[in-house]
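In: Fold the stuff below for me.
(one chain, ligands or ions: 1)
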Amino acid sequence: MVQEAQALIDRYSYISILSHRNPEADTLGTALGIYALLKAYGKSVEVVNIDRNLPNNLDFLPNFQKIKHGIDYEESLIITCDASSIDLLGFDLSGREVLNIDHHRSSTYYGTVNVVKPDYAAASCVAYQLFKTFLPLNREAVLCFYTALVSDTQYFTTSSVSKETFDIASDMITFEIDISQVAYNLRQRRTLASIRILTAALQSLQLCFDGELAVMVATNDALKASGAKVSDLIGIVDHGLSLATVEVAILVIEWEDHICLSMRSKTVDISQLAVSYGGGGHRQAAGFQTTLQDIDQFIQRLKQEIKALGILNGT
Ligand SMILES: [Mn+2]
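Out: Residues are numbered from 1 along each chain as shown. From the prediction side, this is the model:
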């Protein structure tokens with residue numbers, strides 16, 4: 001797999017690195033890390049995300065300002081980062097060769113070459129381990145990969161963390177990256193809008209199935225009143241999961257002409273539900289988008305579907 005990935009990269013001088021819609025630190029950190037490596041390797045590289053609203057707190061990552069919103073290269077190799085399905089990228093990639101770098105169990109293996117490692121805690125770790133076998137690593141790239149790793153594992157607290165995760169992290173730290181700078185940017189640069197929308201979502205919280213399911217809603221009105229952007233919604237759903245009795249937490253977001261759903265679980269597998277709606281994710285963190293509809297009816301149906309999965313004990 002490493003040889004195939006290397007051969008693919010060697011065949012192209014132009015490379016477009018793509019991250020997924022509703023970008024967060026793993027997809028952007030992985031993309032920017034690969035960008036820094038391939039640039040130093042002498043390739044013509046562009047880094048692209050279809051969304052115009054990027055999380056501003058990641059602007060300390062090297063080359064963040066270079067992220068474009070369209071693919072300019074016409075016959076480049078496409079590298080995709082942390083995207084389980086090609087639809088999550090938002091571009092028509094037909095006729096292109098794709099190197100897919102990911103760690104989602106729900107991956108659809110859409111690449112010409114797929115380096116997909118579900119045991120890895122972050123897509124950035126997959127990229128780090130892949131590229132270090134044939135390219136010299138540099139501090140800029142490793143700073144991006146490390147940021148992606150600590151963000152995706154919520155500072156090494158998710159069940160995806162293993163001894164290997166710490167081994168990779170301790171390897172990364174030898175590049176003299178400023179880990180307190182990373183912590184400051186990830187944890188102490190919230191927007192006021194994100195606090196306002198969090199407050200509204202917490203107000204909406206309801207518990208069902210004997211407290212095992214928490215449902216929160218970010219309505220269109222609340223989003224407008226708070227001025228929140230998509231990136232301001234990251235992490236809200238985890239507040240539901242922080243409750244002692246809750247096994248599954250859900251945040252329903254009324255976003256323009258669709259509903260976005262973000263789910264978290266303590267132990268049970270919720271990715272199957274997301275996949276059934278055309279979304280994806282991991283066992284304990286998954287999501288999907290669907291067409292705009294009556295929120296109350298949507299939540300009622302979703303509750304029944306969760307009940308039918310048999311993953312909760314409460315009634
Ligand atoms: Mn990830």
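
In: Outline the domain layout of the protein.
Out: Following automatic domain parsing, the chain resolves into domains at 2-187, 192-309.

In: Could you say which of these is packed most deeply?
Out: domain 2-187 (a mean of 19; mean count of other CB atoms under 10 Å). All C-beta atoms are positioned from the backbone trio N, CA, C, and that covers glycine.

In: circling back: mind putting the domains of the chain in CSV, mean pLDDT and distance to the ion included?
Out: Converted to CSV, those look like this (pLDDT from 0 to 100; distance: least, CB to the ion, whole Å):
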stretch, mean pLDDT, distance to the ion
domain 2-187, 96, 3
domain 192-309, 94, 8
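
In: mind listing the helices for the stretch 1-150 of the chain?
Out: Applying DSSP state H, counting those that start in this stretch to the stretch 1-150 of the chain gives helices spanning 2-10, 25-40, 123-131, 139-152.

In: can you redo these as CSV with distance to Asp257?
Out: Compiled in CSV, the helices of the stretch 1-150 of the chain are given as follows (distance: least, CB to CB, whole Å):
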stretch, distance to Asp257
helix 2-10, 37
helix 25-40, 23
helix 123-131, 29
helix 139-152, 29
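
In: quick revisit: can you redo the domains of the chain as a markdown table with distance to Thr315?
Out: Listed next are the domains of the chain as a markdown table, based on distance: least, CB to CB, whole Å:
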| stretch | distance to Thr315 |
| --- | --- |
| domain 2-187 | 27 |
| domain 192-309 | 6 |
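
In: where's Asp238, which helix or strand?
Out: In this assignment (DSSP states H and E), Asp238 forms part of helix 236-241.

In: And what about Gln304, helix, strand or coil?
Out: Per DSSP: H, G, I helix; E, B strand; the rest coil, the secondary structure class of Gln304 is helix.

In: measure it to Phe298 for me?
Out: Between Gln304 and Phe298 the computed distance is 11 Å (CB to CB, to the nearest Å).

In: Same question for Glu140.
Out: Going from Glu140 to Phe298 by CB to CB gives 44 Å.

In: next one: Ile9
Out: 44 Å.

In: which residue sits closest to Val246 in space, ignoring its chain neighbours?
Out: Among residues not flanking Val246 along the chain, Ala214 sits closest, at 4.6 Å (CB to CB, 6 or more residues apart in numbering).

In: again, but for Thr290
Out: Closest to Thr290 by CB to CB, 6+ apart is Ile259, at 5.2 Å.

In: ok, now Ser194?
Out: Asp232 (3.8 Å).

In: Name the SS class of that neighbour, please.
Out: Per three-state DSSP, Asp232 ends up helix.

In: so who does it touch?
Out: With contact set as CB atoms under 8 Å, 6 or more residues apart in numbering, Asp232 has these partners: Thr191, Ala193, Ser194, Ile197, Ser226.

In: now do 6 Å
Out: By CB atoms under 6 Å, 6 or more residues apart in numbering, the contact set of Asp232 is Thr191, Ala193, Ser194, Ile197.

In: do Ala286 as well
Out: Residues near Ala286 by CB under 6 Å, 6+ apart: Met263, Ile270, Ser271, Ala274.

In: and it, bridged to which residues?
Out: With DSSP bridges as the criterion, Ala286 is bridged to Met263, Gly281.

In: how far away is it from Gln6?
Out: For Ala286 relative to Gln6 (CB to CB), the value is 32 Å.

In: now swap in Leu192 and tell me
Out: Distance, Leu192 to Gln6, by CB to CB: 46 Å.

In: how near is the closest residue to Thr108 other than its chain neighbours to Gln289?
Out: Using CB to CB, 6+ apart and skipping the chain neighbours, the partner closest in space to Thr108 is Ser85 (4.9 Å). Ser85 sits 12 Å away from Gln289, going by CB to CB.

In: Quick check: neighbours shared by the two?
Out: Overlap of the contact sets of Ser85 and Gln289 (by CB under 6 Å, 6+ apart) is empty.

In: still on that earlier bit, could you give the bridge partners of the residue nearest to Thr290?
Out: Glu254, Thr290.

In: Could you check how far it is from Phe298?
Out: As judged by CB to CB, Ile259 and Phe298 stand 6 Å apart.

In: is it true that Gly177 touches Ala141?
Out: Let me fix one detail, which is that residue 177 is Ile and not Gly. No: using CB atoms under 6 Å, Ile177 is not in contact with Ala141; the gap is 10.0 Å.

In: quick one: what helix or strand has Thr199 in it?
Out: Applying DSSP H and E as the criterion places Thr199 in helix 192-203.
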